[in-house]
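Visitor: Okay, predicted coordinates and the sequence, questions at the end:
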There are 2 protein chains.
Amino acid sequence: MNKRINRTIRLLKNRAFLFTSKSDIFYLTGVELEGFWLLVEKEGAAAIAPKMLAGQLGKLLTGIEVLGGNDLIGLLAERLKKKGAQMLSVNGSALSHGLFSKLNRKIKVKDEGGVLTGLRLIKDPGELQALRKSCKIAVSALRYVKRFIKPGVSEEQIAFKIESYFLDNHVRPSFPLIVASGLNSSNPHHLSSSRKIKPNDVILIDMGCVYKGYCSDLTRTFFLGKTNGLQKTVYLAVKQAHAAAMAMVRPGARADLVDKAARDVIEKAGFGGKFIHSTGHGVGIDIHESPRLSEKDKTVLKPGMAVTVEPGVYLEGDFGVRIEDTVVVTTKGREVLT
Amino acid sequence: MNKRINRTIRLLKNRAFLFTSKSDIFYLTGVELEGFWLLVEKEGAAAIAPKMLAGQLGKLLTGIEVLGGNDLIGLLAERLKKKGAQMLSVNGSALSHGLFSKLNRKIKVKDEGGVLTGLRLIKDPGELQALRKSCKIAVSALRYVKRFIKPGVSEEQIAFKIESYFLDNHVRPSFPLIVASGLNSSNPHHLSSSRKIKPNDVILIDMGCVYKGYCSDLTRTFFLGKTNGLQKTVYLAVKQAHAAAMAMVRPGARADLVDKAARDVIEKAGFGGKFIHSTGHGVGIDIHESPRLSEKDKTVLKPGMAVTVEPGVYLEGDFGVRIEDTVVVTTKGREVLT
């Protein structure tokens, strides 16, 4: 049995927990395969898998029993009965309501939320190594693609160039890459389109890759040709907000106060209503995970937490600016990975 | 309002339905953006979106109102109250149990399953056009990559070559591509690995791309160098099973009987216990959708349905064979797209 499963068993205190999310299962087993569940009980863990995956899982999982069959709920119910478990705990956010209802017809199921959130918040040295490398590849991809950013080239063409660079480095995007030009940059989640870059455009690129299961996330905003006064003012405000939030990232700082640091700068600059998302989010196996750098999240930052810092200002129908880095909290302060 | 939303309104008969799945929302609106819901009521449709997406959606959606804010459940509850709706219908398989519970605290919610399944089953001419093109690109990618299949090359290298070809053609994979060599071919859902191809290996490639939102799916099994008697016997059995199932694909045939046609051939050949998945699945906006060509699905095939036909035999620790095509039911019989 591996260390993470052992820690999970201690955390569960005799409860039987069914893990259904790909990222939790990857965290616990290192297996990226989808389509099976992981049951953790006080004596150990068992994979509940369709027949077609059982043989494969038997080889991929060490020290974990594999129960294979075509009626997964039946398999699970039988196993719990055999072990004398009265109830099954799940994370309600990690399975569909349809599946929850089906399980609940055969087994007493309780939604206990994400029990691994606390463990996954603090990245261990191996995870940090993967995050560092993931960020390094993203940074070099951005450096590579800069030469293609010029009038006449479409947003999609730039996105495909980045993805090609990723493939050449044997990684894949961590989310649909955002290449937003001109007024498209005023949409925080623009979908890269066939719009061709024009002279004097603002270009916002939000990108990242997955290396050994770990996501990077990075945004830069470029100005082609001439910039006007408003553009300079907005860029400066975002840059200062980014610096203010970054300076707050250290052990003991509260997530909502890091958000506030960025928000205060942007409000003072007069763009308060145009910063329409939170300052950042945790990043790891999932591109968005805990903690959130938002006014609702009071998490106290600790060494090993990895977050993005990404304030932005979006002037609808005109342009937008966002600057984003991935950063890890260290014992002394922070390590910027991008 | 578009035709698909109008048909949905008629189908719903005064109910208010909240669409939460990306593929249902894409089907109804043509918008690929994630992170918002689509409410369909008797008078029309409204997008319920976080503030950061509202402006963008206002431009992407025509004839659909956009309600933007940061408390989506509150927005929704207020809207339903204003319209006098007593209840909200959802598809329990398309939202998490956690979200269902949160909604249910403010609104009376009912799980009514996938109301669009019937509409999405029958592809219209525009959808068929996209599917045809998607399959055509997948076929040409496979033709392109064949030249790289030789001893010393790793499974991952071949997968990356296919993905590069896809990018050059401005499409992306429809699922994690499967390149399985040697004994790995005996895992139906093998994850392409660093294993290098050896002389006389069996190579199974399962691949597809997404073109304008529509997925293709295609599997071929190759034999490098010499083949032994068992390999020949298994390949022949799978080929005959594939042909038998294909011949059954026509209007009026029942999905489970298409499955049975393939299964009978493989059983007769003595490999019944080694065909460990169903014969095929519907394909469209989702890589797996209705109908299923399995013993449990009694759907009667009709013109416009698109399915895969993919029998396989897997001899654990030795090798596996699968042959898969994407096929559309026509008024006269079938059209093979791959």
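Guide: Structure's in. What do you need? Just so you know, these numbers come straight off a predicted model, no measurement behind them.

Visitor: per-residue pLDDT, residue A:222?
Guide: Note on residue A:222: pLDDT of 97.

Visitor: And the nearest residue to it once chain neighbours are set aside, which helix or strand is it part of?
Guide: Distance criterion C-beta to C-beta, 6 or more residues apart in numbering or on different chains; nearest residue to residue A:222, sequence neighbours excluded, is residue A:203 at 4.5 Å. Where C-beta positions appear, they are placed from N, C-alpha and C, glycine not excepted. For residue A:203, the host element (DSSP states H and E) is strand A:202-207.

Visitor: centroid residue for chain A?
Guide: Most central in chain A under C-alpha atoms, centre = their mean is residue A:287, positioned 1.5 Å from the mean C-alpha point.

Visitor: For chain A, give me the ranges with low pLDDT.
Guide: Applying pLDDT under 70 to chain A picks out residues A:1.

Visitor: Outline the domain layout of it.
Guide: Following automatic domain parsing, one finds the domains of chain A at A:3-119, A:122-336.

Visitor: thinking residue A:221 is in contact with residue A:204, fair?
Guide: Yes: between residue A:221 and residue A:204 there is a contact under C-beta atoms under 8 Å: 4.8 Å.

Visitor: which neighbours do these two share?
Guide: A:185, A:320-322 (C-beta atoms under 8 Å, 6 or more residues apart in numbering or on different chains).

Visitor: a markdown table for these, including secondary structure, neighbour count and distance to residue B:135?
Guide: Converted to a markdown table, the shared contacts of residue A:221 and residue A:204 look like this (DSSP: H, G, I helix; E, B strand; the rest coil; neighbours: other C-beta atoms under 10 Å in any protein chain shown; distance: C-beta to C-beta, whole Å):
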| residue | secondary structure | neighbour count | distance to residue B:135 |
| --- | --- | --- | --- |
| A:185 | helix | 26 | 36 |
| A:320 | strand | 24 | 38 |
| A:321 | strand | 27 | 42 |
| A:322 | strand | 23 | 38 |
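
Visitor: tell me the two of those that are most distant?
Guide: A:185 and A:322 (8.3 Å; C-beta to C-beta).

Visitor: anything in contact with each of these two?
Guide: Both residue A:185 and residue A:322 are in contact with A:204, A:221, where contact means C-beta under 8 Å, 6+ apart.

Visitor: Next one: the host helix or strand of residue A:67, is it in contact with chain B?
Guide: For residue A:67, the element it lies in under DSSP H and E is strand A:65-69. No: applying C-beta under 8 Å from any C-beta of the partner chain, one finds strand A:65-69 separated from chain B by no less than 9.2 Å.

Visitor: ok, and for that strand, which residues are buried?
Guide: A:66-68 (16 or more other C-beta atoms under 10 Å in any protein chain shown).

Visitor: For chain B, state which of these is nearest.
Guide: When the buried residues of strand A:65-69 are compared for distance to chain B (C-beta to the nearest C-beta), residue A:68 wins out at 9.2 Å.

Visitor: Please give me every residue in contact with the residue nearest to that closest one when sequence neighbours are not counted.
Guide: Excluding the flanking residues, the one nearest residue A:68 by C-beta to C-beta, 6+ apart is residue A:54, at 2.7 Å. Shown in contact with residue A:54 (C-beta under 8 Å, 6+ apart): A:66-69.

Visitor: just residue A:239 next, same as before
Guide: Residues near residue A:239 by C-beta under 8 Å, 6+ apart: residue A:323.

Visitor: near chain B, which residues of the stretch 201-338 of chain A?
Guide: The stretch 201-338 of chain A comes close to chain B at residues A:276-277, A:314, A:316, as judged by C-beta under 8 Å from any C-beta.

Visitor: would you list those residues in TSV and tack on secondary structure and neighbour count?
Guide: Converted to TSV, these look like this (DSSP: H, G, I helix; E, B strand; the rest coil; neighbours: other C-beta atoms under 10 Å in any protein chain shown):
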residue	secondary structure	neighbour count
A:276	coil	19
A:277	coil	19
A:314	strand	25
A:316	coil	16
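
Visitor: May I ask which two of those are separated the most?
Guide: Based on C-beta to C-beta, the longest span within these runs between A:277 and A:316 and measures 14.1 Å.

Visitor: Near residue A:336, how many other residues are there?
Guide: 12 (other C-beta atoms under 10 Å in any protein chain shown).

Visitor: any idea how far residue A:329 is from it?
Guide: Distance of residue A:336 to residue A:329, computed by C-beta to C-beta, to the nearest Å: 11 Å.

Visitor: what does residue A:315 give?
Guide: Note on residue A:315: its distance to residue A:329, by C-beta to C-beta, is 32 Å.

Visitor: Of these two, give the one with the bigger neighbour count.
Guide: Set side by side, residue A:315 and residue A:329 show more neighbours around residue A:329, with 22 against 16, by other C-beta under 10 Å.

Visitor: how about the residues of the stretch 51-200 of chain A near chain B?
Guide: With C-beta under 8 Å from any C-beta as the criterion, the stretch 51-200 of chain A comes near chain B at residues A:51-53, A:55-56, A:90-101, A:111, A:113, A:156, A:160, A:163-164, A:167-168, A:170, A:172, A:186-191.

Visitor: Would you map the strands across the stretch 51-200 of chain A?
Guide: A:65-69, A:88-90, A:109-111, A:172-173, A:178-181 (DSSP state E, counting those that start in this stretch).

Visitor: who are the neighbours in contact with the residue of the stretch 101-250 of chain A found nearest chain B?
Guide: In the stretch 101-250 of chain A, the residue found nearest to chain B is residue A:187; the distance is 3.9 Å by C-beta to the nearest C-beta. Residues counted as contacts of residue A:187 (C-beta under 8 Å, 6+ apart) are A:180, A:314, A:320, B:53, B:55-56.
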